[in-house]
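*Asks:* From the sequence below, what's the structure:
(one chain, ligands or ions: 1)
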Amino acid sequence: MTVRPETGRLSGKVALIVGAARGIGKGIAQRFAEEGARLVLADTEIEVGRATASELDAAFIGTDISLLADVEAAVALALAHHGRLDVIVQNAGIYPWQLLENTSPDDWDRVMAVNLRGSFNAARAALVPMKAQRRGRMLFTSSITGPHVTSPGHGHYSATKAGINGLIRSAALEFAGYGITVNGVEPGNILTEGMELHRGAAFIKNMEDAIPLGRLGSPRDVANAFLFLASDDASYITGTTIVVDGGQLLPEGSDFRLAPP
Ligand SMILES: NC(=O)c1ccc[n+]([C@@H]2O[C@H](COP(=O)([O-])OP(=O)(O)OC[C@H]3O[C@@H](n4cnc5c(N)ncnc54)[C@H](O)[C@@H]3O)[C@@H](O)[C@H]2O)c1
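*Replies:* Numbers count the residues shown, from 1 in each chain. Here you go, the predicted model:
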C-alpha cells in the first residue's frame with residue numbers, strides 16, 4: 001500500500017467564506033487555501049477583506065450577511081468564477097458586550113440580524129446551487145456561549161448562537177435528501193481582533209485561567225475543525241457541532257487544577 005502525504009484535502013473544491021477579512025474567518029480561509037480550495041471571501045470590511053483575499057489568491061466581495069441580496073450576490077460570484085459551490089462557511093458574527101437591562105430592542109435586533117438571520121440567509125442562498133448539484137457543505141460558526149454556557153453581557157449573543165444550533169439541525173434534516181450536509185463549530189475563547197476589541201485584557205486573562213489547556217485558542221485551531229467538516233472525511237456527518245475550546249466546558253468547579261486532598 002502506498003501512503004500518500006495528507007495534502008489537498010479540499011483540492012478543486014469551491015468555498016465561499018463569509019466574515020473572512022480577519023480573525024477566525026481569515027484563519028479558515030488560510031487553512032482552506034493550504035488544502036487546495038478555490039476561495040471566494042465575503043465581508044463588510046472592504047479594504048481588509050481585499051487584502052486578505054489577495055494574500056490567498058481569492059476573489060472578494062463586499063457583503064453584509066444580514067441582507068439576503070448581498071449573500072445571493074456572493075454566491076453568484078462564486079458560480080461566475082468557478083461554476084459551482086461546494087462549501088459555504090457562515091462565520092460573520094458580532095458580539096457587543098451589553099447587559100440585558102441596557103439592551104434596546106434595536107440592539108437586540110442588530111445582533112439577531114447579523115448572527116442569526118445572517119445564518120439563515122447563508123443557508124437560503126447556498127441551497128440553490130447545492131440543491132442543483134445534489135451536493136454541498138453548509139458550515140456555521142456557533143459558540144460554546146449560548147448552547148452550553150454564558151456570562152453576563154452575552155444575552156443577545158447567546159440567543160443567536162443557541163439559535164444557530166437549532167438552524168443547523170433543521171437544515172440538516174431538510175437538506176439531507178439533496179446530498180447537502182449541515183454542521184457547525186463551537187469555538188471557546190479564541191484570540192482574535194474582535195475578542196481584543198470587544199472584551200479586553202481582563203476578560204481574556206480570566207478566560208485563560210478557565211481553560212484547562214492553559215491558553216486561548218487560535219483561529220487555526222478552529223479552522224482545523226472546519227477543514228475536517230468540509231473535507232470528504234466528514235461525508236457521513238450532518239446536523240452536529242464540534243466543540244473547540246481547550247477543555248473549557250469540562251470543569252465542575254473553579255479549582256480544577258488542584259488534585260483532591
Ligand atoms: N473569538 C472568539 O472567542 C469566538 C468564540 C466563539 C465564537 N466566535 C464566533 O466566531 C466568529 C468570528 O469571530 P472573531 O472573533 O473572528 O471576530 P472578528 O470581529 O475578529 O471577525 C469577524 C469578521 O466578521 C465580519 N463581519 C461582521 N459583521 C458582518 C456582517 N454583517 N456581514 C459580513 N461580515 C461581517 C467582520 O468584518 C470581521 O471580518 C463570530 O461568529 C463569533 O461569534 C468567536
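*Asks:* mind listing what whichever residue of the stretch 151-261 of the chain sits closest to the ligand touches?
*Replies:* In the stretch 151-261 of the chain, the residue that lies nearest the ligand is G194 (2.4 Å; CB to the nearest ligand atom). Every residue, glycine included, has its C-beta placed from N, CA and C. Contacts for G194 (CB atoms under 8 Å, 6 or more residues apart in numbering) come out as R22, G23, I94, Y95.
*Asks:* give me the subset of these touching the ligand.
*Replies:* Near the ligand, judged by CB under 6 Å from any ligand atom, the entries from the contacts of G194 are R22, G23, I94, Y95.
*Asks:* follow-up on the earlier one: tell me which entries of the contacts of G194 lie within helices.
*Replies:* Per DSSP state H, helices hold the following members of these: G23.
*Asks:* any idea which of the contacts of G194 is closest to L250?
*Replies:* Nearest to L250 out of the contacts of G194 is Y95 (CB to CB; 22.8 Å).
*Asks:* Show me which positions of the biggest strand by length in the chain end up buried.
*Replies:* The strand spanning the most residues in the chain, taking DSSP state E as the definition, is strand 180-187. Under the neighbour-count criterion of 16 or more other CB atoms under 10 Å, strand 180-187 has I180, T181, V182, N183, G184, V185, E186, P187 buried.
*Asks:* Quick one: mean pLDDT over the helix or strand just after that strand.
*Replies:* Moving toward the C-terminus from strand 180-187, the next helix or strand (DSSP states H and E) is helix 193-198. Taken as a whole, helix 193-198 has a mean pLDDT of 86.
*Asks:* And the strands in the stretch 51-200 of the chain?
*Replies:* With DSSP state E, counting those that start in this stretch, the ranges of strands along the stretch 51-200 of the chain come out as 59-62, 87-90, 136-141, 180-187.
*Asks:* got those strands as JSON lines, with distance to the ligand and mean pLDDT columns?
*Replies:* JSON lines is the format used below for those (distance: least, CB to the nearest ligand atom, whole Å; pLDDT from 0 to 100):
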{"stretch": "strand 59-62", "distance to the ligand": "9", "mean pLDDT": "98"}
{"stretch": "strand 87-90", "distance to the ligand": "8", "mean pLDDT": "99"}
{"stretch": "strand 136-141", "distance to the ligand": "4", "mean pLDDT": "98"}
{"stretch": "strand 180-187", "distance to the ligand": "4", "mean pLDDT": "98"}
